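**Q** return a 3D structure for these sequence lines:
(one chain, ligands or ions: 1)
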Amino acid sequence: METILIAKEGHVATITINRPKALNALSTQVLTELNAALDEVAADQDVYALVITGAGEKSFVAGADIAEMKDKSVEEAAVYGKFGNEVFRKIETFRCPVIAAVNGFALGGGCELAMSCDIRIAAENAVFGQPEVGLGITPGFGGTQRLARLVGAGIAKEMIYTARNIKADRAAEIGLVNKVVAAEELMPTVMKMAAGIAKNAPIAVAYAKKAINNGLQTDIDNGIAIEVEEFSNCFATEDQTYGMTCFLEKVREKQFSNK
Ligand code: DAK
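**A** Numbering: from 1, shown residues only. A predicted model of the protein is given here:
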């Protein structure tokens with residue numbers, strides 16, 4: 001792959017969008033290779049957490065590739081939008097948690113990519129925004145849907161209608177990011193969090209992700225029913241017996257088997 005790097009450290013995989021000359025803008029090639037990288041990582045059952053970041057010190061992802069988008073027809077725009085949304089849904093429903101390490105510009109499709117992840121940690125120099133209406137289009141990779149769900153309709157509408165960017169501290173204030181750290185602390189912080197997630201029972205973490213994501217799309221009674229189902233499914237795993245036995249036998253250092 002030319003525009004995507006994959007690395008693995010312990011049970012944590014990292015996907016880096018590697019097109020720094022164009023501030024990691026999402027061309028069709030990037031989206032296609034990102035899609036393939038996600039499949040590759042998903043197939044590796046030894047990966048319990050995934051980190052997504054951008055190459056270089058300036059940008060996470062500066063959006064969809066404007067040069068490539070400019071001359072699209074209505075039909076081509078629909079195909080492009082559908083494919084991008086499929087890739088981002090793949091991230092959102094990825095079988096383990098995904099953390100966005102936002103190392104600079106996260107604009108348009110970049111902000112949307114970060115929002116498809118479970119958790120966002122930002123460097124102090126990160127900038128977020130949905131500038132699409134200033135280009136004559138609406139957000140097209142889930143921005144109108146996920147931003148409102150994350151920060152509420154009022155602030156989402158303000159950001160989308162004004163097309164004004166916000167800095168990392170404001171993004172933390174509105175709940176768009178979990179935490180802001182110094183640029184040099186970004187990857188260590190994210191890797192520490194990912195490793196902390198990867199220490200827990202992977203199947204339980206995956207079921208918890210499913211329960212939160214699916215529960216958010218429904219009413220509380222259905223949400224509780226989803227939780228009961230995922231909770232009871234845990235009792236079919238070896239890691240449930242192991243985790244509880246470790247507690248009762250006062251074993252502190254656990255090694256879950258992902259079974
Ligand atoms: N696309 C293509 N190239 C980009 C780019 C982008 N989004 N962002 C930056 N680049 C390129 C620049 O053209 C420049 O290339 P060269 O001129 O060197 O060849 C290089 O990256 C460095 O950028 P700058 O020289 O502009 O760097 P600065 O530090 O001065 O400025 C910036 C950084 C991030 C403020 C600026 O580059 C910028 O404003 N970039 C565009 C940000 C933006 O508007 N992003 C949103 C894109 S729209 C849909 C599907 C998807 C979408 C919509 C609909 N459907 C089909 C339904 C999504 C839309 C978007 O994401």
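
**Q** all helices for this structure, in order.
**A** Counting by DSSP state H, residue ranges of the helices within the chain are 28-43, 66-69, 74-92, 109-116, 143-151, 153-162, 168-173, 186-198, 202-216, 220-233, 238-248.

**Q** what's the closest of those helices to T14?
**A** helix 186-198 (8.1 Å; CB to CB). Backbone N, C-alpha and C define where each C-beta goes, glycine included.

**Q** who are the packing partners of that closest one?
**A** Using 3 or more CB pairs under 8 Å, 6 or more residues apart in numbering; DSSP states H and E as the contact test, the elements touching helix 186-198 are strand 12-17, strand 49-54, strand 98-102, strand 119-123.

**Q** again, only this time at 10 Å
**A** If contacts are counted by 3 or more CB pairs under 10 Å, 6 or more residues apart in numbering; DSSP states H and E, helix 186-198 sits against strand 4-9, strand 12-17, strand 49-54, strand 98-102, strand 119-123, strand 179-181.

**Q** mind putting these into TSV with distance to M193, mean neighbour count and mean pLDDT?
**A** Converted to TSV, those look like this (distance: least, CB to CB, whole Å; neighbours: other CB atoms under 10 Å; pLDDT from 0 to 100):
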stretch	distance to M193	mean neighbour count	mean pLDDT
strand 4-9	13	15	98
strand 12-17	10	23	98
strand 49-54	8	26	99
strand 98-102	6	28	99
strand 119-123	7	26	98
strand 179-181	9	18	98
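
**Q** nearest to the ligand, of those?
**A** The stretch from the helices and strands packed on helix 186-198 with the least distance to the ligand (CB to the nearest ligand atom) is strand 49-54; that distance is 11.4 Å.

**Q** let's have the helices and strands packed on helix 186-198 in a markdown table, adding distance to N222.
**A** A markdown table is the format used below for those (distance: least, CB to CB, whole Å):
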| stretch | distance to N222 |
| --- | --- |
| strand 4-9 | 37 |
| strand 12-17 | 32 |
| strand 49-54 | 28 |
| strand 98-102 | 25 |
| strand 119-123 | 25 |
| strand 179-181 | 31 |
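
**Q** is it possible to get TSV of these that adds distance to the ligand?
**A** What follows is those, written out as TSV (distance: least, CB to the nearest ligand atom, whole Å):
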stretch	distance to the ligand
strand 4-9	17
strand 12-17	12
strand 49-54	11
strand 98-102	13
strand 119-123	15
strand 179-181	19
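
**Q** return the most buried member of the helices of the chain.
**A** Of all the helices of the chain, helix 109-116 carries the top mean neighbour count, a mean of 28, counting by mean count of other CB atoms under 10 Å.

**Q** next one: that one to chain centre, how far?
**A** Centroid separation between helix 109-116 and its chain, computed with CA atoms, centre = their mean, to the nearest Å, is 7 Å.

**Q** and it, average pLDDT?
**A** Averaging the model's pLDDT scores along helix 109-116 yields 98.

**Q** do it and the ligand meet?
**A** Yes: applying CB under 6 Å from any ligand atom, one finds that helix 109-116 is in contact with the ligand at G109.

**Q** CA atoms of that helix as PDB?
**A** As requested, C-alpha coordinates have been extracted for helix 109-116 and formatted as PDB (Å, rounded to 0.1, in the frame of the first residue of the first chain):
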ATOM      1  CA  GLY A 109     -13.700  13.900   6.200                       C
ATOM      2  CA  GLY A 110     -10.900  14.000   8.800                       C
ATOM      3  CA  CYS A 111     -13.200  15.100  11.500                       C
ATOM      4  CA  GLU A 112     -15.700  12.500  10.300                       C
ATOM      5  CA  LEU A 113     -13.000   9.800  10.400                       C
ATOM      6  CA  ALA A 114     -12.100  10.700  13.900                       C
ATOM      7  CA  MET A 115     -15.800  10.600  14.900                       C
ATOM      8  CA  SER A 116     -16.100   7.100  13.500                       C
END
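
**Q** which bits of this protein sit near the ligand?
**A** Going by CB under 6 Å from any ligand atom, the residues of the chain near the ligand are 22-23, 25, 62-67, 77, 80-81, 84, 105, 107-109, 131-132, 135, 137, 139-141.
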